[in-house]
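>>> quick one, fold the following:
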Amino acid sequence: MSEASEAGQPQRLDPVREDWERALCVVAHPDDLEFGAAAAVARWTGQGRSVAYCMVTSGEAGIDGMAPETCRAVREEEQVASARVVGVEEVEFLGLPDGVLEYGVPLRRAIAGSVRRHRPEIVVTGNFRETWGGRNLNQADHVAVGRAVVDAVRDAGNRWVFPEQLADGVEPWGGVREVWAFGSPQATHAVDTTHTFDLGVASLEAHRAYIDGLGWADFDAREFLEGFARQSGQALGVGFAATFEVFPMGWGE
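Numbers count the residues shown, from 1 in each chain. Sure, this is the predicted structure:
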């Protein structure tokens, strides 16, 4: 335990690298990014970087009072609108089944295909540790997707893995330098979101049907996000921040 932790202060975080041009964000559901990373995305697009979103599912099992096919259309529409708020124009939906994702070759294949199509230098995913901060258990889809992302990034660079994808101009892509998992209880890095925090809030608020469907009548997106962002900001030495666990993809890094 660090001296800062023993004193009850946030452990210091290092800034993430920002010497890249293209990122791909791969998460299980619409709304996942908005609960932890949208303000960081707004920072990067505001700097002129290219960021694309990949939703493994369409969140069609996410609203109890809405049939899955109806829910699929609503949640895809909300995610596209939410992405626009933070400057993301490209949102891809892989169409895998919500709520029952399993780590394995089919999931790795789907994500590797997206990595090959988008050719990012940085891949962002969500927390795939067992818990959120050591208390609340993580959701199964989040764990499966995050684990698969790390492996699919390697798969994407190997032309002999999923070779059927290498058609119509698609080539292997081994250019991912790091995978970043936002919201991880083992985060070591962060990015300053002080000036883009409001955009992150607006991006979460765009998921109105989903939030209402959860019965969160008194949910305040700003209040919810601010608590985490302020604490993370203290650890980075800024007003607000988003945290990431960083997984280098190159040997010896």
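>>> list the helices and strands the helix or strand where A235 lies packs on?
Using DSSP states H and E, A235 sits within helix 221-236. In terms of contacts (3 or more CB pairs under 8 Å, 6 or more residues apart in numbering; DSSP states H and E), helix 221-236 is packed against strand 189-192, helix 197-205, strand 241-248. In this view, the C-beta of every residue, glycine as well, is placed from N, C-alpha and C.
>>> now with 10 Å, please.
The helices and strands touching helix 221-236, judged by 3 or more CB pairs under 10 Å, 6 or more residues apart in numbering; DSSP states H and E, are strand 14-15, helix 38-46, strand 189-192, helix 197-205, strand 241-248.
>>> gap between stretch 118-134 and the chain center?
6 Å (CA atoms, centre = their mean, to the nearest Å).
>>> how long is it end to end?
34 Å (CA to CA, to the nearest Å).
>>> and that stretch, average pLDDT?
Averaging pLDDT along stretch 118-134 yields 95.
>>> of all the helices and strands packed on helix 221-236, which one is nearest I63?
Closest approach to I63 among the helices and strands packed on helix 221-236 is made by helix 197-205 (16.2 Å; CB to CB).
>>> without its sequence neighbours, what residue ends up closest to R43?
T196 (4.6 Å; CB to CB, 6 or more residues apart in numbering).
>>> burial check on that neighbour, number of neighbours?
24 (other CB atoms under 10 Å).
>>> in the protein, which spans are helices?
Counting by DSSP state H, the chain has helices at residues 3-6, 38-46, 68-85, 105-118, 140-156, 197-205, 208-213, 221-236.
>>> just name the most buried of those helices.
Across the helices of the chain, averaging neighbours per residue (mean count of other CB atoms under 10 Å) puts helix 38-46 on top, at a mean of 25.
>>> that helix vs strand 241-248, what angle?
If you take axes from the mean of the first three to the mean of the last three CA atoms, to 10 degrees, helix 38-46 sits at 80 degrees to strand 241-248.
>>> tell me the angle of helix 38-46 relative to helix 68-85?
Going by the same axes, to 10 degrees, helix 38-46 makes 50 degrees with helix 68-85.
>>> quick check: mean pLDDT across helix 38-46?
Mean predicted confidence for helix 38-46 is 98.
>>> now that helix, how far from the chain's geometric center?
Offset of helix 38-46 from its chain centre (CA atoms, centre = their mean): 12 Å.
>>> again, but for stretch 151-170
22 Å.
>>> and it, average pLDDT?
Across stretch 151-170, the average pLDDT comes to 98.
>>> now the terminal residues of that stretch, how far apart.
Using CA to CA, the distance between the terminal residues of stretch 151-170 is 19 Å.
>>> pull the residues that contact it.
For stretch 151-170, contacts defined as CB atoms under 10 Å, 6 or more residues apart in numbering pick out 24, 26, 103-105, 107-120, 123, 125, 145, 148, 171-179, 247, 249.
>>> out of the helices and strands packed on helix 221-236, which is closest to Q79?
Per CB to CB, nearest to Q79 of the helices and strands packed on helix 221-236: helix 197-205, 9.8 Å.
>>> next, the angle from that closest one to strand 241-248.
Going by the same axes, to 10 degrees, helix 197-205 makes 80 degrees with strand 241-248.
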